[in-house]
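**Q** Please find the sequence and the predicted model below.
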Amino acid sequence: MTKTRNLGGLDVPAIGFGAMVLSPGMYGAIDDDRALSALTAAIDAGGTFIDTSDAYGDDGHNEKLIGRAIRTRRDEVTVATKFGLRLGDGADPHPLDVGFAFEQLLVNAEPKYVREYAESSLRNLGTDVIDLYYLHFPDPQVPIEDTVGAMAELVADGKVRHLGVCNVTARELRRAYDVHPIAAVQTEWSMWRPIDPELLDVARELGVGVVPWSPLGAGFLTGTVQALDKDDFRNNAPRFDAASLKANNASYDALQSLAADLGVTRSQLALAWLLHQDPAVVPIPGSRTPAHIVENLAAADITLHPDTLERIDAVLARLKPVGGTLL
């Protein structure tokens with residue numbers, strides 16, 4: 001399996017790095033020194049497709065952290081960031097109901113604020129161009145065509161190279177693409193949460209890459225999550241409450257024997273399975289531990305035989321997560 005993939009014209013490593021976990025309040029406490037060590041490990045190991053958002057951490061913390069990590073290595077990395085959840089000055093909050101983990105988000109993707117969001121991210125990242133710029137969530141009060149039109153102006157001005165959208169429906173993806181080519185759609189997808197088949201079909205039709213967020217089920221598919229720190233955002237998801245977590249761990253333990261038979265870890269199995277779903281899929285697992293980061297990236301080298309894929313799918317068909325979804 002190739003170690004690089006193409007997202008709508010953007011070449012990136014087959015497995016990226018999701019940096020959200022490196023800000024406090026996401027997966028519990030963490031200091032910047034540990035976070036920077038993780039970023040350095042990712043870049044050194046070839047995880048040079050780095051995903052962030054202006055909403056991760058307080059006051060652009062995650063973007064600023066990445067800016068520090070890539071200050072002397074900008075030409076080695078492809079940086080993707082998102083906007084819409086960190087509201088601009090004077091921007092009205094537009095409520096968005098998304099489900100279990102967050103209940104309600106406040107968004108604003110009005111065109112008049114898009115340039116402000118991008119310029120803030122450019123400052124935080126310490127760069128003059130964003131390689132892939134995503135709309136984090138579609139704004140229920142703003143036609144997606146209007147938002148993407150403002151994003152397209154950033155491409156014309158050289159501030160952004162490629163556009164992406166996150167957490168959209170198949171119809172919203174098509175509407176966005178009608179305004180400007182979309183390189184990637186980011187959506188939750190893992191052995192724990194199937195992708196909307198219509199969304200995948202439209203992405204394939206349009207040549208849009210798919211970037212699964214939470215490809216390890218917010219860490220669950222590693223098989224190591226037994227309890228959560230009090231500051232961990234996953235406490236908001238019923239799937240991670242004590243009873244559900246215990247039931248889910250017992251159910252998904254069936255994956256352990258599959259991984260053992262193949263001589264890989266459960267994380268590697270989950271990532272390799274995703275990579276085999278489509279050649280334009282690029283998952284973005286996150287980790288704070290350098291050894292785990294290297295382990296995750298090595299999943300790009302794993303080839304799963306069709307018979308093995310059938311065996312995996314048969315196991316997954318019997319597994320039903322307890323506690324709803326993350327979104």
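**A** Done, it's in.
**Q** contacts, neighbours, all on C-alpha from now
**A** OK.
**Q** Relative to A109, how far out is the residue nearest to A176 when sequence neighbours are not counted?
**A** The shortest distance from A176 to any non-neighbouring residue, by C-alpha to C-alpha, 6 or more residues apart in numbering, is to E145 (5.6 Å). According to C-alpha to C-alpha, to the nearest Å, E145 and A109 sit 11 Å apart.
**Q** coming back round to it: what about the residue nearest to A176, how many residues close to it?
**A** E145: 19 surrounding residues under other C-alpha atoms under 10 Å.
**Q** Verify the stated contact: it with V179.
**A** Yes - if you go by C-alpha atoms under 8 Å, E145 and V179 touch, sitting 6.2 Å apart.
**Q** if we can go back for a sec, let me know the helix or strand that the residue nearest to A176 is in.
**A** Under the criterion of DSSP states H and E, E145 resides in helix 144-156.
**Q** mind checking the SS state of A80?
**A** Here A80 is recorded as strand under DSSP: H, G, I helix; E, B strand; the rest coil.
**Q** check contacts around the residue sitting nearest the centre point of the chain.
**A** Among the residues of the chain, the one closest to the centroid is W213, at 3.0 Å (C-alpha atoms, centre = their mean). If you count contacts by C-alpha atoms under 8 Å, 6 or more residues apart in numbering, W213 has them with 18, 186-189, 283-285.
**Q** For N62, give me the pLDDT.
**A** If you check N62, the pLDDT there is 97.
**Q** Give me the helices and strands touching the helix or strand containing it, please.
**A** When elements are assigned from DSSP H and E, N62 belongs to helix 61-69. Applying 3 or more C-alpha pairs under 8 Å, 6 or more residues apart in numbering; DSSP states H and E, we find helix 61-69 packed against helix 32-44, helix 111-125.
**Q** between these, which gets nearest to Q141?
**A** Ranking the helices and strands packed on helix 61-69 by proximity to Q141 (C-alpha to C-alpha) places helix 111-125 first, at 11.6 Å.
**Q** Please spell out which residues along that closest one are buried.
**A** Of the residues in helix 111-125, 111, 113-114, 117-122, 124-125 count as buried by neighbour count, 16 or more other C-alpha atoms under 10 Å.
**Q** where does the stretch 51-200 of the chain have low pLDDT?
**A** 99-103 (pLDDT under 70).
**Q** where are the low-confidence patches of the stretch 201-327 of the chain?
**A** For the stretch 201-327 of the chain, the stretches with pLDDT under 70 are 324-327.
**Q** That one: helices as residue ranges?
**A** For the stretch 201-327 of the chain, the helices defined by DSSP state H, counting those that start in this stretch cover 242-252, 254-262, 266-275, 290-297, 306-318.
**Q** count of residues packed around the closest residue in space to P95 that isn't next to it in sequence?
**A** Spatial nearest neighbour of P95, chain neighbours left out: L106 (4.6 Å); criterion: C-alpha to C-alpha, 6+ apart. Residues near L106, counting by other C-alpha under 10 Å, number 16.
**Q** Please list the residues outside the host helix or strand of L106 that contact it.
**A** Element membership for L106 (DSSP H and E) is strand 103-107. Residues outside strand 103-107 that contact it (C-alpha under 8 Å, 6+ apart) are 84-87, 93-98, 137, 139.
**Q** Which of the residues you listed are buried? Put it as a ChimeraX command.
**A** Burial among those is assessed by 16+ other C-alpha under 10 Å; the matching ChimeraX selection reads:
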select :84,85,86,87,93,94,96,137,139
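**Q** For the contacts of W213, work out which two are farthest apart.
**A** Greatest spatial distance among these (C-alpha to C-alpha): G18 and W189, at 13.9 Å.
**Q** Compare the two (neighbour count), which wins?
**A** G18 (24 against 20).
**Q** Just grab the bridge partners of the more buried one for me.
**A** D51 (DSSP bridges).
**Q** Columns distance to I293 on top of the contacts of W213, output as a markdown table?
**A** Below are the contacts of W213 laid out as a markdown table (distance: C-alpha to C-alpha, whole Å):
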| residue | distance to I293 |
| --- | --- |
| G18 | 10 |
| Q186 | 20 |
| T187 | 21 |
| E188 | 20 |
| W189 | 19 |
| P283 | 13 |
| I284 | 11 |
| P285 | 8 |
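**Q** Just to be sure, which of these are found in strands?
**A** 18, 186-188 (DSSP state E).
**Q** H305: which of these is nearest?
**A** When these are compared for distance to H305 (C-alpha to C-alpha), E188 comes out closest, at 24.9 Å.
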